[in-house]
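Participant: after the sequence you'll find the predicted model.
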Amino acid sequence: MRLVLFQPDIAQNTGTLLRLAACLDVPVDIIEPCGFHMNDRRLRRAALDYLHALDLTRHASWDAYAEAFSQRRSARLVLLTTRAELAYSDFAFGPDDSLMVGRESAGVPESVHQAAHARLRIPMRPDLRSINVALAAAMVLGEALRQTGQPPGA
């Protein structure tokens, strides 16, 4: 299981996701460009001192990530998106899945949507737009780890 952040905009959300991944022993891929510098104090504050425990890979672009991802033969790219029909709770996760969240401001481009093996949504009230990206990732990552028996200490 991996967590993938597509061109994140908000340092605090990224820091929170990096801290989550470190605690859950989940590797992270960040697809750049980011909307902030990776040494941003807001990112460091949200991540606390957990960055040393993180398996982090930075990719200069979507194309660079796609090339690296193609080497992982059994992996699936699973995109969280408000545009999906399938609820995350109805999806069977696999241990080699890469769970992707998009930019807070714009999600992911159509080409990334099309590249995903699965697109999932979090069921929510129809009159509201979306859940914070860090909270959404935590919800779905928790379910994925539960299904695959991968939580740390399992």
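Facilitator: Now that the structure is in, tell me what you want to look at. Residues are numbered from 1 along each chain as shown.
Participant: make it CA atoms for all contacts and neighbour counts henceforth
Facilitator: Noted.
Participant: for the protein, what spans make up the helices?
Facilitator: 11-24, 41-47, 62-70, 110-115, 133-148 (DSSP state H).
Participant: these: lowest mean pLDDT?
Facilitator: Looking at these, the lowest mean pLDDT belongs to helix 41-47 (a mean of 76).
Participant: show me what that helix is packed against.
Facilitator: Packing partners of helix 41-47 (3 or more C-alpha pairs under 8 Å, 6 or more residues apart in numbering; DSSP states H and E): helix 11-24.
Participant: neighbouring contacts of the helix it packs on?
Facilitator: By C-alpha atoms under 8 Å, 6 or more residues apart in numbering, the residues outside helix 11-24 that reach it are 3, 5, 8, 27-28, 35-36, 40, 42-48, 50-51, 53-55, 133-134, 137-138, 151-152.
Participant: give me the buried subset of these.
Facilitator: Buried residues within the contacts of helix 11-24, counting neighbours by 16 or more other C-alpha atoms under 10 Å: 3, 5, 8, 27-28, 42-44, 46-47, 50-51, 54, 133-134, 137-138, 151.
Participant: and for R125, the neighbour number?
Facilitator: Residues near R125, counting by other C-alpha atoms under 10 Å, number 8.
Participant: roughly how far apart are it and T81?
Facilitator: According to C-alpha to C-alpha, to the nearest Å, R125 stands 15 Å off from T81.
Participant: turn the helices of the chain into TSV, including distance to G94.
Facilitator: Formatted as TSV, those follow (distance: least, C-alpha to C-alpha, whole Å):
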stretch	distance to G94
helix 11-24	16
helix 41-47	27
helix 62-70	16
helix 110-115	18
helix 133-148	6
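Participant: which of those is buried the deepest?
Facilitator: helix 11-24 (a mean of 22; mean count of other C-alpha atoms under 10 Å).
Participant: any idea of the angle that helix forms with helix 133-148?
Facilitator: 20 degrees (axes from the mean of the first three to the mean of the last three C-alpha atoms, to 10 degrees).
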